[in-house]
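>>> Predicted model follows, preceded by the sequence.
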Amino acid sequence: MTSNSRERLLGLFERMLLVRECELKLAELFSDGEVPGFIHLSVGQEAVAIGVMDALNDSDTIASNHRGHGHAIAKGVDLDSFFLEVMGKEEGICGGRGGSMHVADMSVGMLGANGIVGAGIPLAVGSALAHQVQQNNNIAVAFFGDGALAEGVLHESFNIASLWKLPILFVCENNGWSEFSPTSLQFVAEVRDLGKAFKIPFRQVDGNNITAVADASDEIVSDMRKNGGPRVLECMTKRVHGHYEGDQQKYRDADELASLGDYDPIMLCEGELRKMKAADKDITAIRNRIENRVSAAADVGRAGTLPSFDRLLSDVYTPVQEA
Amino acid sequence: MTSNSRERLLGLFERMLLVRECELKLAELFSDGEVPGFIHLSVGQEAVAIGVMDALNDSDTIASNHRGHGHAIAKGVDLDSFFLEVMGKEEGICGGRGGSMHVADMSVGMLGANGIVGAGIPLAVGSALAHQVQQNNNIAVAFFGDGALAEGVLHESFNIASLWKLPILFVCENNGWSEFSPTSLQFVAEVRDLGKAFKIPFRQVDGNNITAVADASDEIVSDMRKNGGPRVLECMTKRVHGHYEGDQQKYRDADELASLGDYDPIMLCEGELRKMKAADKDITAIRNRIENRVSAAADVGRAGTLPSFDRLLSDVYTPVQEA
Amino acid sequence: MGEVRFGQAINLALDESLKNDPSVVVFGEDIARPGGPFGVTRGLLEKYGELRVRDTPISEATIVSAAVGAAMSGLKPVVEIMFMDFITIAMDGLVNQAAKARFMFGGQCSVPMVLRTPHGGGVNAGPQHSQCLEAWFAHVPGLKVVIPSNSGDAYGLLKAAIADPDPVIFVENKALYAVKGQMDDDAPALEIGKAHIARPGADVTVVSYGAAVNTALRAADTLAQSGIELEVIDLRSIQPWDEATVLASLSRTHRLIVLHEAVTAFGVGAEIAARMADVGFDELDAPIVRVGAPFMPVPFAASLEPQYLPDADDLIAAVHKVLA
Amino acid sequence: MGEVRFGQAINLALDESLKNDPSVVVFGEDIARPGGPFGVTRGLLEKYGELRVRDTPISEATIVSAAVGAAMSGLKPVVEIMFMDFITIAMDGLVNQAAKARFMFGGQCSVPMVLRTPHGGGVNAGPQHSQCLEAWFAHVPGLKVVIPSNSGDAYGLLKAAIADPDPVIFVENKALYAVKGQMDDDAPALEIGKAHIARPGADVTVVSYGAAVNTALRAADTLAQSGIELEVIDLRSIQPWDEATVLASLSRTHRLIVLHEAVTAFGVGAEIAARMADVGFDELDAPIVRVGAPFMPVPFAASLEPQYLPDADDLIAAVHKVLA
Ligand SMILES: Cc1ncc(C[n+]2csc(CCOP(=O)(O)OP(=O)(O)O)c2C)c(N)n1
Ligand SMILES: Cc1ncc(C[n+]2csc(CCOP(=O)(O)OP(=O)(O)O)c2C)c(N)n1
Ligand SMILES: [Mg+2]
Ligand SMILES: [Mg+2]
């Protein structure tokens, strides 16, 4: 263990904590009525977003799903713009038109969260196609849950990606649930076997172990940049909050709910850091930094202005450039 | 080899020949301008339709695809009504509204050819669901080509059929081509591996060997009736004519085209029959019987009346029953 | 029976249909064990068992096409698509299979299935969870499209839809689920294709359907105070739609407005207006005005969605326009 | 350049776009090696190579959504859906992704893609290979829908569609592919949203698009012999559509007919008629009549399809009606 690896883990820890604290803050704002609509939190799954994104460049692209806050933050969406968007403000990254399920930031290759389960998968295929045509050595990543495995576009996308050797990484965040139904009642195949059938190299990792996710992603992504072609990464993880904020999760066993804490990727990471002899004060400093950063962003969110309707029509189509 | 098995094979031979002669007659009628639209012939693939259907009862259901003449005839659509339909006549099984790509006969469980690649697959899933709910011990069969493997509904249907243990037999007629493109440029997975991934028992047979198809189908179907659940049967076969009648097949190697005769299921079956010491006169009698039957049906087709438009509107919706 | 919520009325209609007809089955995402994303199917699994009430994987295309195949094989499936926006994934089963089977097979079979799905905004669900896409289906010969505006109609129309031999898209405005309304056990059965005059009035005919009918009734209350009487027609079904009732009303009022939540352009209102500009032309004393959503996706923000959604004020402005 | 076939005009526009803009890519089923089911993309693979011109598997949903993702990542994809009927499988990519991306992301990106697809009957292709579904897309904010009626327009409009920053559905009537028409190299660039007066006339305005424009022109020839002058407007694009040109024409003729091959009910004609019954009300001297297909799937038989398809006689009957 080098201080190098400790520094790296501290960085990953901080970024996971950022996602966590942002989402807990959103939960708070939501229950205060400051977030319209509904939100899906990725609490407990932070290691996936942070671990995978650790391997990417800004020019790589990702397509996300309804549970996309972590992906957006990890890919580098400006925090203020993120809060402003989820809170439905004019200064939001999408001008308040999309909200939680549609956060996107083209400037960092975040092609959008998505309200349609599975829809991000073929979008990412298209993005990978663009990278291949442009020969820019970028890769595209599709993030999707175990529930999305049942959608036909997954199958089509695996096939086309493999057939065309597209630079796409399929990341399945398997948290065992799709809404209120367990995966076992939803999908009979193992992702591993699908990967094999479509001749796409597959890897499964403990999605609550940030080092495991980050290391696997690094290896996979450098391999992709060297050798091209698609890859599948399945991250086994846990959804801690309800499907959407406010969902009481009555459909889950008390035992299962009680055990969730044992899998908390941030806690596990902190344990790891302590084993590595990370200094208390460093960890505390990180906690403080994140807390300040998040509460500042939430304040910015609160202070944002409500979007005015008048400008909307002009964004349905691209305005004609004046010659 | 029993005389029993020879009788059986003679029966299968006769039914394959029926499909063949019907299609060759259609080709003739088509070039005479007596068949509107376009038609897709299954010449060379007859063993699949006849072999699978040999295992089914009238109360079993099938959903077919664009290349469905053989399936329809094998399932028992009345020959006159079949010709009348493909030729667009009022007395056709569908009143001339559907034609070649939409032959259906509910009275024999033929739920329709289909103009949409892959669409028959989930229809058959629904039919299997009905059998399961009604606990009638019937099974449903989906016939589809290798090209349909790339459609997402295949994946969804495999999953749901396996999850719900539906009595459905998925029959992939793999003829190596989808329209003008070879399977190798279309689909990277083996059906076998997909079956395995979805935990559906799989079998592959030489689809040009009628005995192989019929025996496998008999075994599979009796197993299904006893033990329930889905099965996959892949029949390796050859498309002899063009994708549609009139297609010159310039995209196929001369060698490949020249070799097609070697795989002819009817010729192979006749060879088998001769090995079994079937009498020449029996085979000749069959040939004559079929020729007469088909030319009589074609004559009926020619003599059919052109549908009149006035009745059409009344079939868009089910007429209200008078009390 | 008194007052029941819209969602509960649907639940009751499903329950009764399952009880009275063993060929009725219900399936969809999270509708069985969890009782439905909006609680509409609660209790059905417990009563009718796993064979007839099923949770499905997230496979909309196959769910809908399987319903078609099941309907062709002796069942009457009632399937749910969780948000109407997701119907984009399931169009083939509806449009190329369910709608055409009877016609293209020469009347050999019917396809007795119902697809229930919620449309509409009002809960800040954003551009992919708020659309009103019913005009698409009204354009497809072979489909019926039913859209109730209140609990009693939801109950009666859903029973009629399930009993109907042909495929019916049954659209539920999600903002209505919690709204209470009168439901009478002994109300006469409702017939698909018959409109209801929700409020008679002599001055302007307002044709509407679904939740927008309630908007129209509110506007009518307001306008009545200044002596303007709206005749509010609740179409109840938009395919088929009750042209005779609309034309008769227009012949009394000579002024027509169509109101719906869907985008105005190329929406359901276009057909009503176009038809009346033909067969009702001689009755018209004023331009036909349509009130609907502007030509844009449904925006998310709390400040935007209410302005996007057509409301009573928009209708009142239109009334003043046709009376000008 | 003289006379070229409609299909060849499209080929030329694709060729030129591929040549001039390295970000243009073309993909679809059997479009590369085989040159397209109608031969429209012949030669493009040979000229521009496998990276930019690709055959796809039969996976319409992914083909279209991949085009959206590619368009968001720097390409200008032109994809083909072999028959418009198959677009039912690819609706999500168009409606929930392509159409909404720009708006719901607050204008951060455009989605410069074109989806080419043939619609229409006339070749006895039956109920699942003949539909005209363009009204669906005209109802979806964020999409543009272009439908040329002749070779010259096909060439000019396809180039405009590919250059357009937003998603365009480019609809080609399959009965036109072999039809020859004038194509001028030095014709001015065409602008999406501008209609063309295909024939001026004082008596009745006939608004149409696609192949039906030619039907209108034939009817106009016939009627001219009895002294009735139709003004035939070729919309060229139905979303956006050129309301100003239609209104101006109506203000001259005071009579309006809309003609298209699609099913009349809830079709494109409904919007044109509805709009004119509002903004053009004072100009109208007669009912607005729509001529389109009856409310049924497209029948297959040789005796049925011609009666199903709206033709010059149907239009002439409508003209007599509005002049009565
Ligand atoms: C096409 C579509 N179908 C259904 C839904 C409703 N829905 C939203 S999330 C979800 C479950 C998704 O499960 P999974 O993919 O495992 O993601 P998770 O919520 O577990 O992160 C469903 C059914 C949807 N948004 N889109
Ligand atoms: C959804 C859809 N996409 C494309 C087509 C056009 N098409 C008709 S048949 C065919 C190839 C099918 O190949 P396969 O399934 O192998 O059947 P085969 O023709 O070989 O019997 C295609 C692409 C279609 N009819 N439906
Ligand atoms: Mg999940
Ligand atoms: Mg094939």
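Nice, thanks for sending it over. Here the structure is a predicted model, which is why all the values come from computation and not from measurement. Ligands and ions are numbered 1, 2, ... in the order given.
>>> near chain D, which residues of the stretch 151-300 of chain C?
C:239, C:262-263, C:265-279, C:281-282, C:284, C:286-290, C:295-297, C:299-300 (CB under 8 Å from any CB of the partner chain). In this view, the C-beta of every residue, glycine as well, is placed from N, C-alpha and C.
>>> Name the helix or strand for the residue sitting nearest the centre point of chain A, please.
With distances taken as CA atoms, centre = their mean, residue A:71 lies nearest the centre of chain A, 2.5 Å away. Assigned by DSSP states H and E, residue A:71 belongs to helix A:69-75.
>>> avg pLDDT for the helix or strand following that helix?
With elements assigned by DSSP H and E, the helix or strand that comes after helix A:69-75 is helix A:79-86. Helix A:79-86 shows an average pLDDT of 98 in the prediction.
>>> same for helix A:79-86, what does it pack against?
Packing partners of helix A:79-86 (3 or more CB pairs under 8 Å, 6 or more residues apart in numbering or on different chains; DSSP states H and E): helix A:3-31, helix A:69-75, helix A:280-303.
>>> in chain A, which ranges drop under the pLDDT threshold?
For chain A, applying pLDDT under 70 flags the ranges A:1-3, A:322-323.
>>> how about the residues of the stretch 101-250 of chain A near chain C?
Checking the stretch 101-250 of chain A against chain C by CB under 8 Å from any CB, the hits are A:101-102, A:114-118, A:147-148, A:150-152, A:178-181, A:185-187.
>>> now with 7 Å?
Contact residues, the stretch 101-250 of chain A versus chain C (CB under 7 Å from any CB of the partner chain): A:101-102, A:115-117, A:147-148, A:150-152, A:178-181, A:185-187.
>>> Please check those and keep the buried ones.
When those are checked for burial by 16 or more other CB atoms under 10 Å in any protein chain shown, the buried set is A:101-102, A:115-117, A:147-148, A:150-152, A:178-181, A:186-187.
>>> what's the most buried one of the helices and strands packed on helix A:79-86?
With neighbours taken as mean count of other CB atoms under 10 Å in any protein chain shown, the helices and strands packed on helix A:79-86 reach their highest mean count in helix A:69-75, at a mean of 27.
>>> Tell me which residues are up against it.
A:15, A:18-19, A:22-23, A:41-42, A:45-46, A:49-50, A:53, A:62, A:64, A:82, A:100, A:103, A:105, A:108-110, A:113, A:143 (CB atoms under 7 Å, 6 or more residues apart in numbering or on different chains).
>>> So which of these are in helices?
Here DSSP state H is the test, and the contacts of helix A:69-75 give A:15, A:18-19, A:22-23, A:46, A:49-50, A:53, A:82 as lying in helices.
>>> Next, residue A:274: secondary structure please.
helix (DSSP: H, G, I helix; E, B strand; the rest coil).
>>> Tell me where the stretch 151-300 of chain C has strands.
For the stretch 151-300 of chain C, applying DSSP state E, counting those that start in this stretch gives strands covering C:168-173, C:180-183, C:196-199, C:204-208, C:230-234, C:237-239, C:256-263, C:289-293.
>>> What helices and strands are in contact with the fourth one?
Counting by 3 or more CB pairs under 7 Å, 6 or more residues apart in numbering or on different chains; DSSP states H and E, the packing neighbours recorded for strand C:204-208 are strand C:230-234, helix C:243-253, strand C:256-263, helix C:312-323.
>>> closest one to residue D:191 among the ones you listed?
Among the helices and strands packed on strand C:204-208, the nearest to residue D:191 by CB to CB is strand C:256-263 (24.0 Å).
>>> Can I get that closest one in PDB, CA atoms only?
Output of strand C:256-263 as PDB, limited to C-alpha atoms (Å, rounded to 0.1, in the frame of the first residue of the first chain):
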ATOM      1  CA  LEU C 256     -67.700  25.700 -31.000                       C
ATOM      2  CA  ILE C 257     -64.600  25.300 -28.800                       C
ATOM      3  CA  VAL C 258     -62.600  22.100 -28.300                       C
ATOM      4  CA  LEU C 259     -60.600  21.800 -25.100                       C
ATOM      5  CA  HIS C 260     -58.100  19.100 -24.200                       C
ATOM      6  CA  GLU C 261     -54.800  18.800 -22.300                       C
ATOM      7  CA  ALA C 262     -52.900  17.300 -25.300                       C
ATOM      8  CA  VAL C 263     -50.900  19.600 -27.600                       C
END
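>>> ok, of the residues of the stretch 151-300 of chain C next to chain D, which come out buried?
Buried members of these, scored by 16+ other CB under 10 Å, are C:239, C:262-263, C:265-279, C:281, C:284, C:286-290, C:295-297, C:299-300.
>>> which residues touch the residue in the stretch 151-300 of chain C that chain A sits nearest to?
Nearest to chain A in the stretch 151-300 of chain C, going by CB to the nearest CB, is residue C:300, at a distance of 3.8 Å. Contacts for residue C:300 (CB under 7 Å, 6+ apart) come out as A:36-37, A:88, A:96-99, C:124, C:126-127.
>>> let's see it at 8 Å
Shown in contact with residue C:300 (CB atoms under 8 Å, 6 or more residues apart in numbering or on different chains): A:36-37, A:88, A:96-99, A:102, C:124-127, D:104.
>>> And residue A:174, by the same measure?
A:145-146, A:183, A:191, A:207, A:234-237.
>>> Closest one to residue C:186 out of the residues you listed, please.
Nearest to residue C:186 among these, counting by CB to CB, is residue A:183 at 46.3 Å.
>>> Would you mind confirming that the closest one is in contact with residue A:146?
Yes. With contact defined as CB atoms under 8 Å, residue A:183 counts as touching residue A:146 (4.7 Å).
>>> Which members of the residues of the stretch 101-250 of chain A next to chain C occur in helices, if any?
Among those, DSSP H puts residue A:152 in helices.
>>> Give me the distance between whichever residue of chain C sits closest to ligand 1 and ligand 2.
For chain C and ligand 1, the shortest gap (CB to the nearest ligand atom) falls at residue C:86, measuring 4.2 Å. Per CB to the nearest ligand atom, to the nearest Å, residue C:86 is found 20 Å from ligand 2.
>>> From the buried ones among the residues of the stretch 151-300 of chain C next to chain D, which land in helices?
C:268-279.
>>> check those against ligand 1, which are close?
Among these, no residue sits close to ligand 1 (CB under 6 Å from any ligand atom).
>>> follow-up on the earlier one: keep the residues of the stretch 101-250 of chain A next to chain C, but drop any that are not near ligand 3.
The subset of these within reach of ligand 3, by CB under 5 Å from the ion, is A:147, A:178.
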